[in-house]
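Engineer: Just to be clear, the model below is a prediction. Sequence and coordinates:
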Amino acid sequence: MSDVPGAPADLLRSLTRAERLLSRRLGAVLADDALTIEAWRVLCLLADGQGHPMSEVSAEASLPPGTLTKLVDQLVDRNLVFRRIDPIDRRRIRAYLTARGRREHDRLDQRVRASLAELGLSDPGLSELGVADSSAPGVPPTANLVRQLDDLIGRLDPARQREHADAAGPHR
């Protein structure tokens, strides 16, 4: 740890430690259903019902394509996920939650939220941990924390920087 509070090493150490401890805690919650943190990430991404290309799932779940394929195969075997050819780009495969996958995601999401609430990470509980509520009225503090972390990721991830540049259009 650095002698200077707020040094970059402190940020890295704190984020790494928080991710590892949170993954361990949620891994224990998910273990009752024989799911891994990686499988949970995939289910959460697919829970929006839109279906996602496997390449996007791989990037968002932080899994190499080969590992993701094996994981999705297991989720398909458990009837939680199905794959379809993308109707627009027939070279791509999209993954979706099955009806059973949606029910399981919803059930597990409640258990995960309860586990987070025990830590004081429920929406009202963050202020008790000293996390400032600078979100807009009606926006939960956890959403503010997630937004701040997403902003940080966006600034650090070269792929997201390219996406933002492409979305902004050509520069003159």
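Structural biologist: Good, I have the coordinates.
Engineer: my read: Pro65 touches Val57, true?
Structural biologist: No: using CB atoms under 8 Å, Pro65 is not in contact with Val57, being 9.4 Å away. C-beta coordinates here come from the backbone N, C-alpha and C atoms, glycine included.
Engineer: First residue to last residue on stretch 51-66, what's the distance there?
Structural biologist: 19 Å (CA to CA, to the nearest Å).
Engineer: Next, report how far that stretch is displaced from the centre of its chain.
Structural biologist: With CA atoms, centre = their mean, to the nearest Å as the basis, stretch 51-66 stands 12 Å off its chain's centre.
Engineer: same deal with stretch 46-63?
Structural biologist: 10 Å.
Engineer: Could you list the buried residues of that stretch?
Structural biologist: Leu46, Gly51, His52, Met54, Val57, Ser58, Ala59, Ala61, Leu63 (16 or more other CB atoms under 10 Å).
Engineer: ditto for stretch 73-86
Structural biologist: Quick answer for stretch 73-86 (16+ other CB under 10 Å): Leu75, Arg78, Leu80, Val81, Phe82.
Engineer: The first one touches Leu45, doesn't it?
Structural biologist: What that stands for is Leu75. No: using CB under 8 Å, Leu75 is not in contact with Leu45; the gap is 11.7 Å.
Engineer: What are the contacting residues of the single longest helix found in the chain?
Structural biologist: As far as residue count goes, and with DSSP state H defining each element, the longest helix of the chain is helix 8-31. Here helix 8-31 makes contact (CB atoms under 8 Å, 6 or more residues apart in numbering) with Met1, Ser2, Thr36, Ile37, Ala39, Trp40, Leu108, Arg111, Val112, Ser115, Leu119.
Engineer: Buried members of these into ChimeraX, please.
Structural biologist: Of these, the buried ones can be selected in ChimeraX as follows, counting by 16+ other CB under 10 Å:
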select :37,39,40,108,112,115
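Engineer: Out of the contacts of helix 8-31, which sit inside helices?
Structural biologist: Ile37, Ala39, Trp40, Leu108, Arg111, Val112, Ser115.
Engineer: got those residues as CSV, with distance to Ile153 columns?
Structural biologist: Output for these, formatted as CSV (distance: CB to CB, whole Å):
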residue, distance to Ile153
Ile37, 17
Ala39, 21
Trp40, 18
Leu108, 24
Arg111, 26
Val112, 20
Ser115, 23
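Engineer: Can you pick out the most distant pair from the residues you listed?
Structural biologist: Across the ones in helices among the contacts of helix 8-31, no pair lies farther apart than Ala39 and Ser115, at 16.4 Å, counting by CB to CB.
Engineer: can you map out the helices along the chain?
Structural biologist: 8-31, 37-46, 54-60, 65-77, 99-118, 141-156, 158-168.
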